[in-house]
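A.B. asks: I would like to see how this sequence folds:
(chains A and B)
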Amino acid sequence: MAERSTLMLSLRGLTRRFGGLTAVDAIDLDLASGELISIIGPNGAGKTTLFNLVTGLDRPDDGAVSFEGQDVTGLSPERLAAEGIARTFQLGRVFGNLSVMDNVLIGAHTRLRAVKPAVPVIGPLLELGLALLRPASVKAEEERLREELKAILARFGERLLPRIDQPAYSLSYANRRRVEIARALALKPRLLLLDEPTAGMNPTETAEMQGLVAELKAEGLTILLIEHKLEMVMRLSDRVIVMDEGKKIAEGPGEQVRGDPKVIEAYLGHGLATERESAA
Amino acid sequence: MAGASASAASHSLAPWGHRVSSWLDYTINGLIVGNVYALVAVGLALIFGVSRLINFAQGSIYLVGAYIGWVAVVQLHTPLPLTIIVVAVAAAVVGLIIERFGLRPLQNSVRIAPLLATIGISFVLDQLVMLTFSPNPRALPSQLPDVRFQVGGGTIGPLDLLIAGVGLTSALLLFAFLRYSKLGWAVRATAQDRDAAMQMGVDVNRVNQAVFGIAAALGGVSGMLVGMYYNQIDTAMSLQATLKGVVAEVVGGAGNVPGAVIGSLLLGLVESYGVAVFGTSYRNLFAFLLLVVVLVLRPNGLFASARQAPPEPLTGTFIAPSRPVRIPRWALAVAAGGFAVLPFFPVSFYVLQTLINAWLLGMLALSLTLVAGTIGQVSLGHAALLAIGAYSSALLSLTFSVPVGLAIIGGGLMSAALGTALISPSFRLRGHYVSIATLAIGEIVSLVILNWESVTRGPIGISGIPPLSLFGYDLISPPSIYWFSFAVMVVLALLQARLLTSHLGRSFRAIRDDDVAARAYGLSLNRYKSLAFIFGGFAAGVSGGIAAHLYSYINHETFNTQQSILALTVVILGGLGNVVGAILGSVALVGLPEVFRIAAEYRILIYGIVLLLLVRFRPQGLLGTI
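C.D. replies: Alright, predicted model coming up:
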């Protein structure tokens, strides 16, 4: 029972089929509060599909997802966001025409209270009215959020702060990825899913991102990470899960997975061999 | 929308004027009409397959085919086989021109661009046909003997057989082309995976050409056959054909060629049986209800395989990114002040009248720029919101003696409520499907107004609507009407501008830019699309309400598709989502034709051309997307 209370996310037999292809094949996973688990595997292994199933963007054909002990299988993404699950996307999905600040404010959308009274049926109409009238409580809430979000943007040093009013489409690729992560943090997530946060970044930028993820982990955030850069995976992860063709083929501490012959054969073989050569 | 439905009623009379009596006859009629739809729908499916585009100009090619057929038969006296060949070739050439000059330049453009381009092309073609041949209907004789053969309990004529024959032959030729020719393989490969096909060396431009040529040839021949079937052609055929073809294609599954054929036959049968039970004026209602039901229950068509993979990210590519032009507040205040004091100067009533029209259009454009621009739901049936507001306000003041000022607000609220309720089933659709759904819902509103005689007085319309009045004072002089409409528009614009700076403004725009990411951050599409339509529906309803009291007479044709397209052109011209742009665009598109004294029949043509030029050269509009 005690163990269960610290369990953040639990997947049981999660399965998703597309026609003849089983993209996610009976995946089991337990993620404890404060833990960081990395999911690795070759392209097409089903990692992003797994993320889509956890965040409600796709519905599993089989299996169950529970979050903080509650069954959340098949809930809508907006419900899951309200429950405290935030994610970033593999190819970066910022809102191109919105400013950096507006992007991050969307991240904090589930935390709006004053302007979104929890009244059934006429709640949306009240929201429209409050948005137009903007009483002091609404203005104060917006101001408070903006200040708080500036602090989140400040985590990226001078990368984003000077560009706070620029539209996101005008940012560099790496900055767009940073905006995405800032947007996810703005939700104050209890579970954060990062889908290749360093894709397309140079070594300096990758190191920065790795530092940030380490910080988040140190702050106690529970993180599920998809990443191809193995060095980062090994440094950050409490456990590593290896997927191939939709199946979980290995799970354990980084070093153990590294040595697993099945993993070497399916995925790491070539990369690890060259890495060992260069290390030698 | 309404102009088209009236002619559809005349088209849907049973052929040769006698009442078809047996079920077998209805079945034969349904299959024959379905065959004609199939020729249009297959073209749409081919085009959707290779370019993920719903070609709203398909009906215009069908119209062009009908008129080329008329020229061939009536003026050149060509024999039937030659007529068919002439129509097919000429229509194919039109299709190739559309592909080469209308769409190919937009290949790397944002997703909304080709959609808007086909709408613009459609209006240009329709107007060109109308200007060349006049809008009056013409007879298109079939050149076939008028005999009927008894088959079981029903009858069948030589033209029925011809249509069936053309349908079957086209299907076989198309099958052979796709299956056995190299170009056909390329078409199928492109439909499956455009990028992979390109990497394998498939010339996608040639594939597009082939597909547009074939689609146009089929569409043109179809138009000619329908003209012969009813022995009548007119320019309203175009929109009807597009709508029916789209319905059939979507029912069968967009991009699915055999599905389009089955969807067409199904549509033909549903309509035919619907007419048998309820009467001819309900024909189109069944078609559009079928569409809405399919879109809601099976948006991928009746034959789509299970659930598909979630869509790939298309971040920010639906509309053109741009930096909006910032106009200082004082400049806006000066401009508004200038327009406010205009009636004190010696300006003619004609100028005031023109500007009143601009303010009414401005309210509609504000509504559409919010819905299409800010939250990205490109509505093609926006005039329906005008109609709901106009009828509600007119009936409130006439039947319940509500003061006009309150009745107009009532019209706005009714439009907000009813419009949002009607459109809500399509909230989970995306991109082009939204446009189809709104087009269909606009048609449904118009058909309900036409058929619900106990409330709307049906085709007679509502006359004797009391004039505008406020607190008991009638507003009859042009300056007073001018001030009233201008003031209402300014208030709506200020409210909308305020809305855009609220959390709702950014939420709407986030949903437009990437609805998947928006949902992942807790934004409910239903909730926020509803709010956008409620706000926009109110503005459009108020505009319709004022118009009703201004015109004193309205009917189901007062608010038609041309107004929807004009509003869309205004919105693109001003910049999507841009409040000031919507008003500027309205003044420009209402005012400039007046300044240059352009005859009314050329205006739609000019709006179409303006839309095409904008999409090609300034997709962000004059003042930029917000």
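A.B. asks: which helix runs longest in the chain?
C.D. replies: Assuming you mean chain A. The longest helix of chain A (DSSP state H) is helix A:136-154.
A.B. asks: that was the other one, I meant chain B.
C.D. replies: Under DSSP H, chain B gives helix B:23-51 as its longest helix.
A.B. asks: so which elements touch that one?
C.D. replies: Helices and strands touching helix B:23-51, by 3 or more Cβ pairs under 8 Å, 6 or more residues apart in numbering or on different chains; DSSP states H and E, are helix B:58-70, strand B:154-156, helix B:158-180, helix B:182-192, helix B:204-230, helix B:237-252, helix B:257-278. (C-beta placed from N, C-alpha, C; glycine too.)
A.B. asks: and residue A:27, what does it touch?
C.D. replies: By Cβ atoms under 8 Å, 6 or more residues apart in numbering or on different chains, the contact set of residue A:27 is A:11, A:13, A:14, A:15, A:46, A:50, A:63, A:243, A:246, A:247, A:248.
A.B. asks: and if we set it to 7 Å?
C.D. replies: A:11, A:14, A:50, A:248 (Cβ atoms under 7 Å, 6 or more residues apart in numbering or on different chains).
A.B. asks: show me how chain B divides into domains.
C.D. replies: As given by automatic domain parsing, the domain ranges for chain B are B:26-147+B:155-302, B:351-560.
A.B. asks: so what would you say the end-to-end distance of the longest one is?
C.D. replies: Distance between the boundary residues of domain B:26-147+B:155-302 (Cα to Cα, to the nearest Å) amounts to 23 Å.
A.B. asks: mind jotting down where the strands sit in the stretch 351-500 of chain B?
C.D. replies: B:469-470, B:473-474 (DSSP state E, counting those that start in this stretch).
A.B. asks: pairing partners for the last one, with directions?
C.D. replies: Strand B:473-474 has the following strand partners under DSSP bridges: strand B:469-470 (antiparallel).
A.B. asks: average model confidence for the partner strand?
C.D. replies: Averaged over strand B:469-470, pLDDT sits at 90.
A.B. asks: who in the stretch 1-150 of chain A is up against chain B?
C.D. replies: A:18-19, A:52, A:55, A:57-58, A:77-78, A:81-82, A:87, A:89, A:91, A:93-98, A:102, A:105-107, A:109-110, A:112, A:115, A:124, A:128, A:131-132, A:134, A:142 (Cβ under 7 Å from any Cβ of the partner chain).
A.B. asks: out of these, which are buried?
C.D. replies: A:18, A:52, A:55, A:57-58, A:77-78, A:81-82, A:87, A:89, A:93-98, A:102, A:105-107, A:109-110, A:112, A:115, A:124, A:128, A:131, A:134, A:142 (16 or more other Cβ atoms under 10 Å in any protein chain shown).
A.B. asks: chain center to stretch B:78-97, what's the gap?
C.D. replies: 26 Å (Cα atoms, centre = their mean, to the nearest Å).
A.B. asks: before we move on, back to that, so which of the domains of chain B gets nearest residue A:230?
C.D. replies: Smallest distance to residue A:230 across the domains of chain B (Cβ to Cβ): 27.3 Å, for domain B:351-560.
A.B. asks: where does pLDDT dip in chain B?
C.D. replies: Applying pLDDT under 70 to chain B flags residues B:1-21, B:151-154, B:304-320.
A.B. asks: need the residues of it near chain A, please.
C.D. replies: B:305, B:309-310, B:313, B:315-316, B:321, B:495, B:498-499, B:502-504, B:506-507, B:509-510, B:513-514, B:516-517, B:519-524, B:527, B:530-531, B:534-535, B:625.
A.B. asks: filter these down to the buried ones, PyMOL style.
C.D. replies: A single PyMOL command is used to select the members of the residues of chain B next to chain A judged buried by 16+ other Cβ under 10 Å:
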select buried, chain B and resi 315+316+321+495+498+499+502+503+504+506+507+509+510+513+514+516+517+519+520+521+522+523+524+527+530+531+534+535+625
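A.B. asks: taking the residues of chain B next to chain A one by one, which sit in helices?
C.D. replies: Short answer: the residues of chain B next to chain A in helices (DSSP H) are B:495, B:498-499, B:503-504, B:506-507, B:509-510, B:513, B:516-517, B:519-520, B:527, B:530-531, B:534-535.
A.B. asks: from what I can see residue B:41 touches residue B:264, true?
C.D. replies: Yes. The criterion here is Cβ atoms under 7 Å, and residue B:41 meets it with residue B:264 at 4.8 Å.
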